[in-house]
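Asker: please work out how this folds:
(4 chains)
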Protein chains: 2
Amino acid sequence: MPDKPLAANSRNQLLASLLKLDHERLLPHLHPVDLLQGDVIYSAGDDIKAVYFPENAVVALLSTLEDGSTTEVGLIGREGMVGLSVFLGGAITPERAVVQVNGKALKMAAADLAQELRRGSPLQVQLLRYTRSFLALVTQSVICSQHHSLEARFARWLMMMRDYSESNTLQLTHEMVAGMIGTRRAGVSMATRALRERGLIDSSRGGIEIVNGDGLADAACECYAIIREEFAQLHNSQMNSRPT
Amino acid sequence: MPDKPLAANSRNQLLASLLKLDHERLLPHLHPVDLLQGDVIYSAGDDIKAVYFPENAVVALLSTLEDGSTTEVGLIGREGMVGLSVFLGGAITPERAVVQVNGKALKMAAADLAQELRRGSPLQVQLLRYTRSFLALVTQSVICSQHHSLEARFARWLMMMRDYSESNTLQLTHEMVAGMIGTRRAGVSMATRALRERGLIDSSRGGIEIVNGDGLADAACECYAIIREEFAQLHNSQMNSRPT
DNA sequence: GAGATTCGGTACGCTAACGTACCGCCGGGA
DNA sequence: TCCCGGCGGTACGTTAGCGTACCGAATCTC
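Answerer: Just a heads-up that it's a prediction; the model follows:
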């Protein structure tokens, strides 16, 4: 099975898994947008006016507590959609969605998505599957943040960012990472040093480079492999239901 | 709006929200079963042969790590369904499901559920809504286990169990609680003592009694109120779409 | 009622991570 | 070119929670 997307198809796997017929019906409602790192797509409690199908952008869902501390509860990339709540029957989003990696996405009005789903679109089945994988991701994060060390979680997060962005070079400050994995900035600095001393990453001001992906995967907690497996299955099922 | 269920309706809110017509069509496929504390409904990786709509039973979803440590990632009661994965397009369950509180549930073959959904049942919409709330629950647990103290999480958990079981008396050992909130047994013992000294709970061998619910709610982290609110909304929407 | 088993209380040393703070450095803007 | 704000390195005291272990009490079994 070739990995090359059909010309008419989006690089977003959710959309790419649709039959050409369905995909073409959606096309007029899909508007390409550029997402820039730091862009806030939704704030907590926002009405969702549009959903986004990332093509090569990566978006993080952040949960915030009363005291201001935050933790990332999910990452969304090519395989999914930002704004799942709309699909699940809600109008507002409980979390902040922030762009982590620059890239393109296809924007669609929430109303258009609702309309498409009402007509019994195959997109429904794909979104259900994606919801399942996303739920698995969040679920794993619960036990991960309960039992795994900062360093192991950091390594997992770096690997996931690498997979999502398909790049070994990540532009981010320790402060941002701290907000993602839910710790202090100083903790990230120490974990960075530890991983650098093990020869797994290289770091500079505002950036981290992964120099030994395999090693970093070993340094990551088991959650990395589990989540990877879940999304590999999702990817397979998306590819299999794809037109030839 | 009376809280008294219609004679024909189940005490499970998901089912109760269906139109009489739809509900009656499902009836032949719904088999009452008694769930006993400790019963393992699914083990991790199991094929899901049946789903369960709890009426007054409470079921916990547990995630387990390689080293054997466990954490509860979700609770399911009257408002939902055990076996969401089936609805989300999966055949196997990633987590263990264990009965926490004795009670009745309605069992339905996975195949029957799939069939019902294929015919475009209103159950679909209800399950989507429930999925949304469940996802919110898991999401909140991520940030909770990252930032809140053992004692606060314990208090939250007790309050949630109280709400689900509608009883101030919970039968459970410290060991079991430890497996739920993902800590040591000894930690639960200490937290129990702390809450008892504050006059919020009473404890005996194999049991905990909540003597001051309001106080315990205060002792719980903010996550309790957030989740409660989410499920209150779900409950409202379930009641509103219910036949009169 | 004796013996076995489970359960809870408590203690000890230990470590990961916290909150905080200070400082030097790099890089962009005036 | 200088300055200033952001960023990262590092340190210090503190603490929550861990792993472990031991003991007595409650409960179950026969």
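Asker: which ones are touching residue A:98?
Answerer: By CB atoms under 8 Å, 6 or more residues apart in numbering or on different chains, the contact list for residue A:98 reads A:38-41, A:59-60, A:62. Bear in mind the C-beta positions are built from the backbone N, C-alpha and C, glycine included.
Asker: only the buried subset of those, as a ChimeraX command please.
Answerer: Remark: buried members of those, expressed as a ChimeraX selection using 16 or more other CB atoms under 10 Å in any protein chain shown:
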select /A:41,59,60,62
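Asker: any chance of the contacts of residue A:98 in CSV, with distance to residue A:167 too?
Answerer: Putting those into CSV (distance: CB to CB, whole Å) gives the following:
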residue, distance to residue A:167
A:38, 17
A:39, 18
A:40, 22
A:41, 21
A:59, 16
A:60, 16
A:62, 22
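Asker: in strands only, show me the contacts of residue A:98.
Answerer: With strands taken from DSSP state E, the overlap with the contacts of residue A:98 comprises A:40-41, A:59-60, A:62.
Asker: DNA strand C: which of those residues is nearest?
Answerer: residue A:62 (15.7 Å; CB to the nearest atom of the strand).
Asker: near DNA strand C, which residues of chain A are found?
Answerer: Those residues of chain A that sit near DNA strand C, judged by CB under 7 Å from any atom of the strand, are A:69, A:148-151, A:182-187, A:205.
Asker: from the residues you listed, which are also near chain B?
Answerer: Subset of the residues of chain A next to DNA strand C in contact with chain B: A:69, A:182, counting by CB under 8 Å from any CB of the partner chain.
Asker: top of the residues of chain A next to DNA strand C by neighbour count?
Answerer: For the residues of chain A next to DNA strand C, neighbours were counted using other CB atoms under 10 Å in any protein chain shown, and residue A:182 has the most, 24 neighbours in all.
Asker: tell me the SS of the nearest residue to that one once chain neighbours are set aside?
Answerer: Closest residue to residue A:182 apart from its sequence neighbours, by CB to CB, 6 or more residues apart in numbering or on different chains: residue A:71 at 3.5 Å. Per DSSP: H, G, I helix; E, B strand; the rest coil, the local secondary structure of residue A:71 is strand.
Asker: quick one on the thing from earlier: Serialize the residues of chain A next to DNA strand C to a markdown table and add fields for distance to residue B:29, pLDDT and secondary structure.
Answerer: Listed next are the residues of chain A next to DNA strand C as a markdown table, based on distance: CB to CB, whole Å; pLDDT from 0 to 100; DSSP: H, G, I helix; E, B strand; the rest coil:
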| residue | distance to residue B:29 | pLDDT | secondary structure |
| --- | --- | --- | --- |
| A:69 | 46 | 95 | coil |
| A:148 | 42 | 98 | coil |
| A:149 | 47 | 98 | coil |
| A:150 | 48 | 98 | helix |
| A:151 | 50 | 98 | helix |
| A:182 | 43 | 97 | coil |
| A:183 | 48 | 97 | coil |
| A:184 | 53 | 97 | coil |
| A:185 | 55 | 97 | helix |
| A:186 | 57 | 97 | helix |
| A:187 | 52 | 97 | helix |
| A:205 | 62 | 94 | coil |
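Asker: and the residues of chain A next to DNA strand C, which two are furthest apart?
Answerer: Across those, the longest distance by CB to CB is 27.7 Å; it joins A:148 and A:205.
Asker: if we can go back for a sec, what is the nearest of the contacts of residue A:98 to residue A:99?
Answerer: Distance ranking of the contacts of residue A:98 against residue A:99, using CB to CB, places residue A:39 first at 4.2 Å.
Asker: that closest one against residue A:99, yeah?
Answerer: Yes. Between residue A:39 and residue A:99 there is a contact at 4.2 Å, judged by CB atoms under 8 Å.
Asker: can you list the residues of chain A near DNA strand D?
Answerer: Near DNA strand D, the residues belonging to chain A are A:173-175, A:185-186, A:189-190, A:192-193, A:203, A:205-207 when assessed by CB under 7 Å from any atom of the strand.
Asker: if you set the cut-off to 6 Å instead, what comes out?
Answerer: By the criterion of CB under 6 Å from any atom of the strand, the positions of chain A lying close to DNA strand D are A:173-175, A:186, A:189-190, A:192-193, A:203, A:205-206.
Asker: can I have the buried ones of the residues you listed as a ChimeraX selection?
Answerer: Buried members of the residues of chain A next to DNA strand D, identified by 16+ other CB under 10 Å, are gathered into one ChimeraX selection as follows:
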select /A:174,192
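Asker: so which of the residues of chain A next to DNA strand D sit within strands?
Answerer: Among those, the members that lie in strands (by DSSP E) are residue A:203.
Asker: and the residues of chain A next to DNA strand D, which is closest to residue B:168?
Answerer: Of all these, residue B:168 sits closest to residue A:186, with 43.3 Å by CB to CB.
Asker: how near is residue A:216 to DNA strand C?
Answerer: Using CB to the nearest atom of the strand, to the nearest Å, one obtains 16 Å as the distance from residue A:216 to DNA strand C.
Asker: contacting residues around that residue?
Answerer: When contacts are counted by CB under 8 Å, 6+ apart, residue A:216 touches A:155, A:158-159, A:195, A:200-201, A:210.
Asker: what do you get if the cut-off is 6 Å, keeping everything else the same?
Answerer: Taking CB atoms under 6 Å, 6 or more residues apart in numbering or on different chains as the criterion, residue A:216 is in contact with A:155, A:159, A:200, A:210.
Asker: same check on residue A:37?
Answerer: Residue A:37 makes contact with A:99, A:102 under the criterion CB under 6 Å, 6+ apart.
Asker: check residue A:230 too.
Answerer: Applying CB under 6 Å, 6+ apart as the definition, the contact partners of residue A:230 turn out to be A:133, A:136.
Asker: quick one: residue A:107 and residue A:51 touch, right?
Answerer: No. Between residue A:107 and residue A:51 there is no contact under CB atoms under 6 Å: 7.6 Å.
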